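Asks: Kindly generate the corresponding structure for this input.
(one chain, ligands or ions: 1)
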Amino acid sequence: MTFQFNFTIEDHVEDELTPPGDGALTLDPSKVSSASESQKGKQKERNCSIEQSDLCKELLWECRSMGNVAPSQDPDSSLGAANSSKDLEPHEKQPCLGVAKEHTMPKDLKKVLENKVIEVLPGLQHVNLSVVKTIWSKENFPGENIISKSLSSHSDLITGVYEGGLKIWECTFDLLAYFTKAKVQFTGKKVLDLGCGSGLLGITAFKGGAKEIHFQDYNSLVIDEVTLPNVVANSSLEDEENDVNEPDVKRCRKTKVAQELCKCHFFSGEWSEFCKLILSSEKLFVKYDLILTSETIYNPDYYTSLHQTFLRLLSKDGRVLLATKTHYFGVGGGVHLFQKFVEEKDVFETRTLEIIDEGLKRFLIEMTFKYPN
Ligand SMILES: C[S@@+](CC[C@H](N)C(=O)[O-])C[C@H]1O[C@@H](n2cnc3c(N)ncnc32)[C@H](O)[C@@H]1O
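Replies: Reported below is the predicted structural model:
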């Protein structure tokens, strides 16, 4: 089967679009666009045909040959390290969109919450996303200017560029409510919040005693500026002193909060690249007991890599809890198309856990291996 992915390479990272006024960026959730529509005349477009593969080899090869170290091989891929790339020539700063990398927790945990406004939900805290967007629409996030792009295209999704993580989507709340209602147990489990955005699903697993929690989002900025701060905001940071001068490992042993946070790992990148990173790393290699994923089946072009991710990373007796709208207008995906895709693959069975029939109809679906042995 042949898939078409649209990847976009910017001419200059400085080629920022100015947001109107100083106010917070607001996006219309009903609108989606592709990079080709929104960035005409500003960016070069590459269409990569992918046969039997989820990876655009040509683009990746080009990114590597342009001097980008594959981030998964980068020993220090923290925000701090990314910032240091400001000294590079413009073409060397170009991100290889979709390549996966692990994000390390900054040493000074309090810094993670600097310039953040915290909002409170029942039992959970999260950063105010309008503030994050306002700050980063004026600054140059290393490698990505997804905020100005989504602003200029009036869109919450720009295929292959920005995949919607700067918003808490409705189905996240459906799944959170289900966790309580169904008394979902997290204790001792290895959990993946796939397409995490704010990370509230993974954070609930973290607070519920999960053994290890991995957070994945397509965009680096989302992980660094939203997911990571949200995890820190929901830890017991305030209760403990945080000595920034101690080396990582020592600190991890020293404070309870740091010890807790060592259970959390953060990744950005496209799903098939993320799989490769996890499966190629002895340190990270893990099969998840539980994969939580909300509003990630909107684009049928991604079904192959999403299905592969479940197949490769779910433990044989594990389960996926997936929350989705019935249909995503403008992109074409939705619950029926996805279930049909899964049925045809004949690897997983799906079970509808709940239908939420208010406003836009939504579904909670469980996926388990059809033939676990
Ligand atoms: C619509 S957002 C939903 C965010 C969050 N789960 C929520 O419910 O608020 C879709 C998420 O899936 C991730 N995503 C979508 N397509 C992806 C792909 N092909 N590879 C990696 N991540 C992807 C994006 O990073 C994004 O965070």
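
Asks: ok, and does the helix or strand harbouring Leu364 reach over to the ligand?
Replies: Per DSSP states H and E: Leu364 is located in strand 362-369. No. Using C-beta under 6 Å from any ligand atom, strand 362-369 stays clear of the ligand, coming no nearer than 11.0 Å. For glycine as for every other residue, the C-beta is placed from the backbone atoms N, C-alpha and C.

Asks: which bits of the stretch 51-200 of the chain sit near the ligand?
Replies: Close to the ligand, as judged by C-beta under 6 Å from any ligand atom, the stretch 51-200 of the chain has residues 163-165, 168-169, 171-172, 195-198.

Asks: wait, which of those residues is closest to Val112?
Replies: Using C-beta to C-beta, Ser198 comes nearest to Val112 of these, at 14.4 Å.

Asks: That closest one contacts Val226, doesn't it?
Replies: Yes. Counting by C-beta atoms under 8 Å, Ser198 touches Val226, with 5.8 Å between them.

Asks: Mind listing the shared neighbours of these two?
Replies: By the contact definition C-beta atoms under 8 Å, 6 or more residues apart in numbering, Ser198 and Val226 are jointly contacted by 126, 129, 165.

Asks: Now for the residue lying closest to Arg319 once chain neighbours are set aside: which residues touch it?
Replies: Counting by C-beta to C-beta, 6 or more residues apart in numbering, Thr368 is the residue found nearest to Arg319 once chain neighbours are left out, at 4.9 Å. By C-beta under 8 Å, 6+ apart, the contact list for Thr368 reads 317-320, 348-349, 351.

Asks: hmm, try it at 10 Å
Replies: Counting by C-beta atoms under 10 Å, 6 or more residues apart in numbering, Thr368 touches 314, 316-320, 348-351.

Asks: and if you look at Gly209?
Replies: Residues counted as contacts of Gly209 (C-beta under 10 Å, 6+ apart) are 185-189, 263.

Asks: Quick one: these as TSV, columns for distance to Phe179, neighbour count and pLDDT too.
Replies: As requested, the contacts of Gly209 are exported to TSV (distance: C-beta to C-beta, whole Å; neighbours: other C-beta atoms under 10 Å; pLDDT from 0 to 100):
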residue	distance to Phe179	neighbour count	pLDDT
Gln185	10	14	97
Phe186	8	21	98
Thr187	13	9	98
Gly188	16	10	97
Lys189	12	19	97
Lys263	18	17	94
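
Asks: Closest one of the residues you listed to the ligand?
Replies: Nearest to the ligand out of the contacts of Gly209 is Phe186 (C-beta to the nearest ligand atom; 17.2 Å).

Asks: secondary structure class for the closest one?
Replies: coil (DSSP: H, G, I helix; E, B strand; the rest coil).

Asks: Skipping its backbone neighbours, what lies nearest it in space?
Replies: Excluding its sequence neighbours, the residue lying closest to Phe186 (C-beta to C-beta, 6+ apart) is Gly208, at 3.5 Å.

Asks: The one you found and the ligand: what is the separation?
Replies: Noted for Gly208: a distance of 18 Å to the ligand, by C-beta to the nearest ligand atom, to the nearest Å.

Asks: Next up, the contacts around that residue.
Replies: With C-beta under 10 Å, 6+ apart, Gly208 has these contacts: 179, 184-187, 189, 191.

Asks: With distance to Gly202 as new columns, can those residues be given to me in TSV?
Replies: Formatted as TSV, the contacts of Gly208 follow (distance: C-beta to C-beta, whole Å):
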residue	distance to Gly202
Phe179	12
Val184	13
Gln185	15
Phe186	10
Thr187	15
Lys189	11
Val191	6
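
Asks: what's around the residue in the stretch 151-300 of the chain that the ligand sits nearest to, how many residues?
Replies: Nearest residue of the stretch 151-300 of the chain to the ligand (C-beta to the nearest ligand atom) works out as Gly195 at 2.5 Å. The number of residues packed near Gly195 is 26, by other C-beta atoms under 10 Å.

Asks: how about the residue nearest to it when sequence neighbours are not counted, what does it touch?
Replies: Nearest-residue entry for Gly195: Thr296, 4.0 Å, with adjacent residues in sequence omitted and distances by C-beta to C-beta, 6+ apart. By C-beta under 10 Å, 6+ apart, the residues touching Thr296 are 163-164, 169, 171, 194-197, 218, 271, 302, 306, 309, 322-324, 333, 338.

Asks: who does the helix or strand hosting Val342 touch, helix- and strand-wise?
Replies: For Val342, the element it lies in under DSSP H and E is helix 335-345. Applying 3 or more C-beta pairs under 10 Å, 6 or more residues apart in numbering; DSSP states H and E, we find helix 335-345 packed against helix 303-313, strand 314-325, strand 348-356, strand 362-369.

Asks: The stretch 151-300 of the chain: strands as residue ranges?
Replies: For the stretch 151-300 of the chain, strands defined by DSSP state E, counting those that start in this stretch occupy the ranges 158-159, 190-194, 212-217, 264-268, 288-294.

Asks: If you count contacts, what does the fourth one end up packed against?
Replies: Think strand 264-268. strand 101-103, strand 190-194, helix 200-207, strand 212-217, helix 220-222, helix 228-233, helix 271-280.

Asks: again, only using 7 Å
Replies: Contacts defined by 3 or more C-beta pairs under 7 Å, 6 or more residues apart in numbering; DSSP states H and E place strand 264-268 against strand 101-103, strand 212-217.

Asks: and the angle for that strand with helix 271-280?
Replies: 140 degrees (axes from the mean of the first three to the mean of the last three C-alpha atoms, to 10 degrees).

Asks: Please look at Leu314 and Leu290 and confirm they touch.
Replies: No. Leu314 lies out of contact with Leu290 (C-beta atoms under 7 Å); the separation is 8.6 Å.
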